[in-house]
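[1] Everything below, folded, please.
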Amino acid sequence: MRALIAGAVLSAVCVSYVCAQPAWRPEKQVEIILPTAPGGGNDAVARLMAKVLQEQKLVTAPILVMNKAGGNQALSVSYLAQHPGDPHYLLQATSTLFTNQIQGLSQARYGDFPALALSFIDYSAFMVPASSPFKTIQDLVARLKTDPESVAFSVVARGGTSHAVLASAAKAAGVDPKRLKIVVYKTSAEATTALMGGHIQGAVSSAAGSTPPVVAGQLRMLALAAPKRRPGALADVPTLAESGVNAPILETWRAIFGAKGITAAQVSFWEDTLARAFSHDEWKAWMAKNDVTAPPLRGAELNKYLEAQYNHTRGVLIELGLAK
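    Model (predicted):
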């Protein structure tokens, strides 16, 4: 009888005050899904994130970095979509998530998946081999005006952010972007290797990922598609606008998304945990070394940022005739 009375009292207390539930934490292996192959800049960033999460015991379950390259990010998004409601799958997405949707290359919409954290914001850089005759972006523009097909450019995805930045800059400089010679590579690392090997004459790629070979004297960075100059190692590199090319600026962001249908408690765990990881000294040191920023956006603020970036990207691709 006493047990029944005690149970009834406990139930009444729970109804009145809502019994506290234990906070959710990962219960099995966590997969960080990458849209690119091993060895590139995205891969290095994901492995650093996994390292910080594990070493700081922010996540005690095992973490696996899963490379799902293919279809310009479509394969990785499809893989995440196969695990609805499972908070143990995270996607480190790039801005190609937008361009695929805008071009009609993917049925998935970025809003299908909860945005958990903004890893960092980068910008595209225009580069040539160190031995190139092009010393400035004006030299490159002059050649393109004479013969748009005389310079082979690498991009990581046709219609992706780097391609859109290149096409926008060409159009702003008075060059027909449809006449540019484009070579598509799977990763920025492959494109950089091809550029250093002389297989292509120019590249538009991540400034952060391109900084090491620029500092080493293997590549020359002609201009940044950024609102202002970067500090540190790239301080002497002018922006496109400084160089007289007034093209729209598209940010190359990296963000972490969860699986569709995960609970509010699971979203909250990952928002808090990733925020702590991105405030760690090792992560901050990496950002400082690569001159990237990471505004602490989450929840409604992060969704607002992504919506603004999506609308801006769509506007640029519509103007270039690349949107569906």
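[2] quick one: contacts for the closest residue to residue 234 other than its chain neighbours?
    Closest residue to residue 234 apart from its sequence neighbours, by CB to CB, 6 or more residues apart in numbering: residue 291 at 5.9 Å. Every C-beta, even on glycine, is put in place using the N, C-alpha and C of the backbone. In this structure, residue 291 makes contact with 207, 208, 211, 230, 231, 232, 233, 234, judged by CB atoms under 8 Å, 6 or more residues apart in numbering.
[3] and if you look at residue 23?
    Applying CB under 8 Å, 6+ apart, the residues near residue 23 are 265, 269.
[4] before we move on, what about residue 267?
    114, 116, 258.
[5] Reduced to three states, what does it come out as?
    helix (DSSP: H, G, I helix; E, B strand; the rest coil).
[6] returning to what we had before: with the contacts of residue 267 in mind, which one is nearest to residue 196?
    residue 116 (35.6 Å; CB to CB).
[7] can you pull the contacts of that closest one?
    Applying CB under 8 Å, 6+ apart, the residues contacting residue 116 are 90, 255, 256, 257, 258, 267, 270, 271, 274, 298.
[8] One more pass at 7 Å, please.
    256, 257, 258, 267, 270, 271, 274 (CB atoms under 7 Å, 6 or more residues apart in numbering).
[9] Residue 222 versus the fifth one, what's the distance?
    Counting by CB to CB, to the nearest Å, the separation of residue 270 from residue 222 is 39 Å.
[10] The second one too?
    Per CB to CB, residue 257 is found 33 Å from residue 222.
[11] on that earlier part again, and the contacts of residue 291 as JSON lines, adding secondary structure?
    Formatted as JSON lines, these follow (three-state DSSP):
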{"residue": "207", "secondary structure": "helix"}
{"residue": "208", "secondary structure": "helix"}
{"residue": "211", "secondary structure": "helix"}
{"residue": "230", "secondary structure": "coil"}
{"residue": "231", "secondary structure": "coil"}
{"residue": "232", "secondary structure": "helix"}
{"residue": "233", "secondary structure": "helix"}
{"residue": "234", "secondary structure": "helix"}
